[in-house]
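Asker: Just to be clear, the model below is a prediction. Sequence and coordinates:
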Amino acid sequence: MLIVSPNSEFREKVMERVRHTHGHADQASGGAEALAMLETTEYHALLLDHWLPDLDITELSEIVKAGFPNLQVFVVGSNPSLACPLGIDAETEFCAFCDERNTNRCGSGTQAVAAKNGNGNGNGKGSKPIEPLPGMIGESHAMQQVYRLARLVTARSTPVLVMGETGTGKELVARAIHQLGPRARQPMVTVNCAAIPEPLLEAELFGHARGAFTGAIQSRLGRIHSAHGGTLFLDEVGEVPLSIQAKLLRFLQEGEVQRLGSPDVIRVDVRVIAATNADLTKRIAEGQFREDLYYRIMVFPISLAPLRTRTDDILPLTTSFLKDLCQEAGVPVKTLSPAAAALLKEQPWPGNIRELRHKVERAFILSEDSPEILSEHITL
């Protein structure tokens, strides 16, 4: 059983009850985390708190119903003061799965959102594949999860944190969320936090007034203000210096920015998507990243798996790269020999998709007029 609630005390109580009566149980604090766990572990039942901090319970229930049709879903309320949008009685402390005394009350409420089609495992393997995000390729299990979460959050202004190793396509996910959302007609402003020196990063983000520092000969708006109405993409957010993190946190909480050297506060409407290849929890333990800022940007996490763990995507990616290279060069599309394909699938790809793209381009050049990419053309 998977127990999903932002209330840690409630989760622990139900966990203890489930262990004594039904065996194994896991817990998640939000809907996004729960969906990720459903993709990797087979559960028989899902217990949902009727209020979650990141996802609407109705939408989440529909996704679960479509992707995991054999999973039993129970909805309960851990906080009686919050009204349930589904009209489910929120006075119960434990779900029907744990306490027979609440079976009728809890069971009748879940019929509106639960798919109880038997007692099989909810692995969702028979569900219809989700269309890839714009600019992305791959239909592996891990990528299906990314597509599902990204499409779920596009219509909202919820902060998103895209996590993954270098070269996995974090910026592509951010751009897709922007393009598919209601802010698509507005600007998407990208800031590489690792590429801008610390003395300049604050001015780049928040802007500055004339004379704020040496060389500030005129006032300038920052990147945050430039993204007004649209999306701000903070790439490598884990590299933001501590000296700037407090000001960044205030912007995320209040929607306000204050330029360097100016007393004026400007309100902005900006949707924030951040990305990192660093372990932010480790940065917090080392005193390099603020915990409150972490929770502010971690509202809706999306994790990109490294290419070595989704080898089924290697050949579709290679085929797409070859097609683009041949089209650019104005030559017939080259094919990939079986030996070359096997060689590519065997590699660990520490640089992920970016490294694969570079190797394919080199192989394309080395193949010259050959209509086929051979294993000897691939330099590893």
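Answerer: Nice, I can see it.

Asker: Could you measure from Val191 over to Glu236?
Answerer: Relative to Glu236, Val191 is positioned 9 Å away (C-beta to C-beta, to the nearest Å). C-beta: built from backbone N, CA, C; applies to glycine.

Asker: Looking at the two, which is more packed in?
Answerer: More crowded of Val191 and Glu236, by other C-beta atoms under 10 Å: Val191, with 23 against 18.

Asker: For the helix or strand containing the more buried one, which helices and strands make contact with it?
Answerer: Using DSSP states H and E, Val191 falls within strand 188-192. Here strand 188-192 touches helix 170-180, helix 223-226, strand 231-235, going by 3 or more C-beta pairs under 8 Å, 6 or more residues apart in numbering; DSSP states H and E.

Asker: where do the helices sit along this structure?
Answerer: 8-21, 31-40, 57-67, 103-110, 141-153, 170-180, 198-206, 223-226, 242-254, 280-285, 291-297, 314-329, 338-346, 352-366 (DSSP state H).

Asker: Which one, of those helices, ends up nearest to Ser262?
Answerer: When the helices of the chain are compared by C-beta to C-beta, helix 198-206 sits nearest Ser262, at 9.5 Å.

Asker: Extract the C-alpha set from the strand holding Val191 and format it as CSV.
Answerer: Only the C-alpha atoms of strand 188-192 are listed here, as CSV (Å, rounded to 0.1, in the frame of the first residue of the first chain):
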residue,chain,number,x,y,z
MET,A,188,10.9,32.3,-21.5
VAL,A,189,14.1,33.8,-19.9
THR,A,190,17.0,31.4,-19.2
VAL,A,191,19.6,32.1,-16.6
ASN,A,192,22.6,29.7,-16.3
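
Asker: Distance from the chain centre to that strand, please.
Answerer: 17 Å (C-alpha atoms, centre = their mean, to the nearest Å).

Asker: now do stretch 371-379
Answerer: Mean C-alpha position of stretch 371-379 versus that of the full chain (C-alpha atoms, centre = their mean) differs by 35 Å.

Asker: how about it: buried residues?
Answerer: Of all the residues in stretch 371-379, those buried under the rule 16 or more other C-beta atoms under 10 Å are Ile373, Ser375, His377, Ile378.

Asker: How far does it stretch from one end to the other?
Answerer: 18 Å (C-alpha to C-alpha, to the nearest Å).

Asker: Also stretch 272-292?
Answerer: 16 Å.

Asker: outside of that stretch, which residues touch it?
Answerer: Applying C-beta atoms under 8 Å, 6 or more residues apart in numbering, the contact partners of stretch 272-292 are 159-166, 170-171, 173-174, 177-178, 231-240, 242, 245-246, 249, 252, 294, 297-298.

Asker: Please look at Ile224 and Asp269 and confirm they touch.
Answerer: No. Using C-beta atoms under 8 Å, Ile224 is not in contact with Asp269, being 10.7 Å away.

Asker: Tell me the gap between stretch 220-240 and the middle of its chain.
Answerer: Distance, centroid of stretch 220-240 to centroid of chain: 18 Å (C-alpha atoms, centre = their mean).

Asker: Take it, keep the C-alpha atoms, and write them as PDB.
Answerer: Output of stretch 220-240 as PDB, limited to C-alpha atoms (Å, rounded to 0.1, in the frame of the first residue of the first chain):
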ATOM      1  CA  ARG A 220      18.800  48.100 -16.200                       C
ATOM      2  CA  LEU A 221      16.000  45.700 -15.600                       C
ATOM      3  CA  GLY A 222      17.000  42.200 -14.500                       C
ATOM      4  CA  ARG A 223      16.200  38.800 -16.100                       C
ATOM      5  CA  ILE A 224      13.400  38.200 -13.600                       C
ATOM      6  CA  HIS A 225      11.600  41.400 -14.700                       C
ATOM      7  CA  SER A 226      12.200  40.500 -18.300                       C
ATOM      8  CA  ALA A 227      10.300  37.300 -17.800                       C
ATOM      9  CA  HIS A 228       7.200  39.100 -16.500                       C
ATOM     10  CA  GLY A 229       4.100  37.200 -17.700                       C
ATOM     11  CA  GLY A 230       6.200  34.300 -18.800                       C
ATOM     12  CA  THR A 231       8.700  31.800 -17.400                       C
ATOM     13  CA  LEU A 232      12.000  32.100 -15.700                       C
ATOM     14  CA  PHE A 233      14.300  29.100 -16.100                       C
ATOM     15  CA  LEU A 234      17.000  28.900 -13.500                       C
ATOM     16  CA  ASP A 235      19.500  26.400 -14.800                       C
ATOM     17  CA  GLU A 236      22.000  24.900 -12.300                       C
ATOM     18  CA  VAL A 237      20.100  26.500  -9.500                       C
ATOM     19  CA  GLY A 238      22.300  24.700  -7.000                       C
ATOM     20  CA  GLU A 239      25.100  27.000  -7.900                       C
ATOM     21  CA  VAL A 240      23.400  30.100  -6.700                       C
END
